[in-house]
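Participant: coords please:
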Amino acid sequence: MALPTSPGVYIMKNKDKKIIYIGKAKALKNRVSSYFGSHSNHSLKVIRMVENVDDFDYILCDTEFEALVLECSLIKQHMPKYNILLKDDKGYNYIKVTKEEFPRIKECYHMDDENAEYIGPFISNFSVKSAVEETLKIFRLPRCNKQFPRDWGKSRPCLNGFMGLCSSPCAGKINKAEYRASIDDAVAFLKGGSAKSIKDLTAKMEAYSEELEFEKAAKIRDTIKAIKNLDEKQKVVSINVPEEDVFSLVNSNKKACFEVIRFKNGRLTDSEHWLIDSVDDVPQARFELIERYYSMRGNIPSRIAVDGDIEDEELLVQFLESQREKKVQIIHPQKGEHLAIVNLCIKNANEHLAQQQGRLGREVAALEELKTLLGLSAPPEYIESYDISHTFGADNVAGMVVFHNGRPMKKAYKRFSIKGFDGQNDVGSMNEVLERRFKHYYEDEEGSTFKILPDLILLDGGQAQVNAVLPVIEQMNLNVPVFGMVKDSKHRTRAIAFGGGEIEINSHRSAFTLVSNIQEEVHRFAVSYHHNKHKKSSFSSGLLKIDGIGEKKAKALLKEFKTISKIKSASVEELTKVKCISEKNAQDIVEYFINN
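Facilitator: Numbering: from 1, shown residues only. As a prediction, this is how the structure comes out:
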């Protein structure tokens, strides 16, 4: 089919004529053709999609903006399998106040009780949960399953009662009139907000004081203090603008998390996240996700903060302004409170992604930061690190440690004894070890951890070690990024070596901690192997001074007795029990240690 170079929307269908993907394009011919050329630059997801395309249609538009509006409408209508979609699982939320002798305040999804009062509806479940929790805490209302008046005054206070978070009606510490007054104040707080509640409660407190009812006045004073404390806590997560939405997109090899936190009147009012398949083009995905979000949610604010680049940002702004019918600004914070809020959003996304993958948020954050710092295409989930250890060129060994998803994977650790030469040559040793490691990659059977190709290699050392390894990687037709870990004078991680220069990492806290842990672990592992080998070598060299004892017999003795001290204390009879030790050998050994 001959395609025009005009703007438009293309619609891909499978053999059952079902729509599986809808996209927009500035030039239809260029965009659609890119799918059916070489697959070398395509992700597995795109390759699978193209394999399922049996037919496609297109709709011409006058401008790219018209194509975007049409694309949005068609995606909402057809929900194609291969488009980035956000599932809208939000319903309306309410705050329920029961109409019983001792009312309760709860969150709920449906107005299904005629004998209850409802505050709402609210779109945000986050804000409803927060409001109910804060209200129960401020007005010291029960959150337990006890029923009143049945359970009134029949038990000791629970932990909330002891902590002052509940007025303990179960222990009879509050009467019915006081309880109802607390409920009325709580409902007024929910309906009118903190400022109105403080004003009304202050008037009540002053009235009780004038009537010399100081105990009641003191209780209201404590409630006012609790409301003010809540306001102060909320200011910790606040911004000095009337409204703003903040977006982040954290991408891993298998999954990505799209996060939004929303501010109104300067305070955080809502938070949502979606776990989606890993994305290939983050700026493009960021465009699509923000556009999908507002097509689904509405309530577009005047300002939007994002954590990175957006493809066709001007086009997205034009689309959002057409929906809002007012000006919209997209910002990329670099410092100050807005950057702090973006980082909070990223942290939340990392945490949600980590929970989905059974990991810790700090591990995801460290790998994401390392990806950005080193310019990698994806966070390095499988990292191998190498270190050389010897004593003035003797007993040369290397240690290889593996970190998987930011954690040590000890079953994949490997030890190498340097075989190619004697003497001190760290660069040559590193070259030999990496060559042997990747021979295992090609030659080992399935099931060997050597068959796993690392996402990143970190060498203990500088550019010289990196230069020694790069030819090995190239000769074996591998594409694995290699960097060196540079130490300071106190043997602490200082920088990462690459391309003849250094990348400073001290200011990147998460990545710095991870790289430091890797460097310490690989050093520990290599040194421990060297010490063991050197100890055995020293033991063996001592035994070799005895007439008739060669390397084979020395190793057999060490294998049997484990230590030189045990060999020294062994009798002739005990020594001859070792398979290759004759009676004469045993007598020579005993005589040697008596005289030395």
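
Participant: what sits opposite Ser385 in the beta ladder?
Facilitator: Counting by DSSP bridges, Ser385 is bridged to Val401, Leu458.

Participant: Quick one: neighbours of it, just the number.
Facilitator: By the measure other CB atoms under 10 Å, the count of residues near Ser385 is 25. For glycine as for every other residue, the C-beta is placed from the backbone atoms N, C-alpha and C.

Participant: ok, and the helix or strand in this protein with the lowest average confidence?
Facilitator: When the helices and strands of the chain are scored by mean pLDDT, DSSP states H and E, helix 214-236 comes last with a mean of 65.

Participant: which element follows it toward the C-terminus?
Facilitator: strand 243-251 (DSSP states H and E).

Participant: for that next one, packing partners?
Facilitator: Contact analysis of strand 243-251 by 3 or more CB pairs under 8 Å, 6 or more residues apart in numbering; DSSP states H and E lists strand 255-264, helix 282-297, strand 303-306, helix 336-356, helix 361-374 as its packing neighbours.

Participant: So which of those is nearest Arg143?
Facilitator: Closest approach to Arg143 among these is made by helix 336-356 (25.1 Å; CB to CB).

Participant: got the angle between the closest one and strand 243-251?
Facilitator: Counting by axes from the mean of the first three to the mean of the last three CA atoms, to 10 degrees, helix 336-356 lies at 40 degrees to strand 243-251.

Participant: neighbouring contacts of stretch 461-480?
Facilitator: Residues external to stretch 461-480 that are found in contact with it (CB atoms under 8 Å, 6 or more residues apart in numbering): 388, 426-428, 430-431, 434-435, 438, 441-442, 453-457, 459, 482-486, 497-498, 500.

Participant: and Ser6, how far is that from Ser429?
Facilitator: In this structure, Ser6 lies at 61 Å from Ser429, with CB to CB, to the nearest Å as the measure.

Participant: Spit out the contact partners of the residue nearest to Ile183 when sequence neighbours are not counted.
Facilitator: Distance criterion CB to CB, 6 or more residues apart in numbering; nearest residue to Ile183, sequence neighbours excluded, is Pro103 at 4.9 Å. Going by CB under 8 Å, 6+ apart, Pro103 touches Val97, Arg180, Ile183.

Participant: which of the residues you listed are buried?
Facilitator: Neighbour-count burial (16 or more other CB atoms under 10 Å) is assigned, among these, to Val97, Ile183.

Participant: Ile310 - that's part of a strand, no?
Facilitator: No. Counting by DSSP: H, G, I helix; E, B strand; the rest coil, Ile310 is located in no strand; its state is coil.

Participant: Run a quick neighbour tally on it.
Facilitator: Neighbour count for Ile310, taken as other CB under 10 Å: 24.

Participant: got a list of what it touches?
Facilitator: By CB under 8 Å, 6+ apart, Ile310 lies in contact with Pro283, Arg286, Phe287, Ile290, Leu316, Ile330.

Participant: what's near enough to touch the first one?
Facilitator: Put plainly, it is Pro283. With contacts defined as CB under 8 Å, 6+ apart, Pro283 is in contact with Gly308, Asp309, Ile310, Glu311.

Participant: likewise the second one?
Facilitator: With contact taken as CB under 8 Å, 6+ apart, Arg286 is in contact with Phe247, Leu249, Val306, Gly308, Asp309, Ile310, Glu311.

Participant: Just list whatever residues bridge to the second one.
Facilitator: With DSSP bridges applied, the residues forming beta bridges to Leu249 are Phe258.

Participant: And the third one, by the same measure?
Facilitator: The residues listed as beta-bridge partners of Val306 by DSSP bridges are Phe247.

Participant: re the thing from before, mark which of the contacts of stretch 461-480 are part of helices, please.
Facilitator: When these are checked against helices using DSSP state H, the ones located there are Asp426, Val427, Gly428, Met430, Asn431, Leu434, Glu435, Phe438, Tyr441, Tyr442.

Participant: So which of the residues you listed wins on neighbours?
Facilitator: Across these, the neighbour count under other CB under 10 Å reaches its highest value at Leu434, namely 28 neighbours.

Participant: Confirm for me that that residue is in contact with Glu384.
Facilitator: No. Checked against CB atoms under 8 Å, the pair Leu434 and Glu384 is beyond contact range at 9.4 Å.

Participant: how about Ala285, what does it touch?
Facilitator: Applying CB under 8 Å, 6+ apart, we find Ala285 in contact with Ile84, Leu249, Asn251, Ala256, Val279.

Participant: mind running it again at 7 Å?
Facilitator: With CB atoms under 7 Å, 6 or more residues apart in numbering as the criterion, the residues that contact Ala285 are Ile84, Leu249, Val279.

Participant: and the second one, how many neighbours?
Facilitator: Looking back up the chat, that one is Leu249. Each residue near Leu249 was counted by other CB under 10 Å, and the total is 22.

Participant: isn't it right next to Ala256, touching?
Facilitator: Yes. Using CB atoms under 7 Å, Leu249 is in contact with Ala256, at 6.3 Å.

Participant: follow-up on the earlier one: and the two most separated of the contacts of Ile310?
Facilitator: Checked with CB to CB, these reach their widest spread between Pro283 and Ile330, with 12.4 Å between them.

Participant: related to what we said a few turns ago, out of the helices and strands packed on strand 243-251, which gets nearest to Lys76?
Facilitator: With CB to CB, the closest approach to Lys76 among those belongs to helix 282-297: 6.2 Å.

Participant: Name the residues of the closest one that are buried.
Facilitator: With burial defined by 16+ other CB under 10 Å, the residues of helix 282-297 counted as buried are 282, 285-295, 297.

Participant: Local confidence estimate at Cys580?
Facilitator: In the prediction, the pLDDT value recorded for Cys580 is 89.

Participant: does it sit in a helix or strand, and which one?
Facilitator: Using DSSP H and E, Cys580 maps to neither a helix nor a strand.
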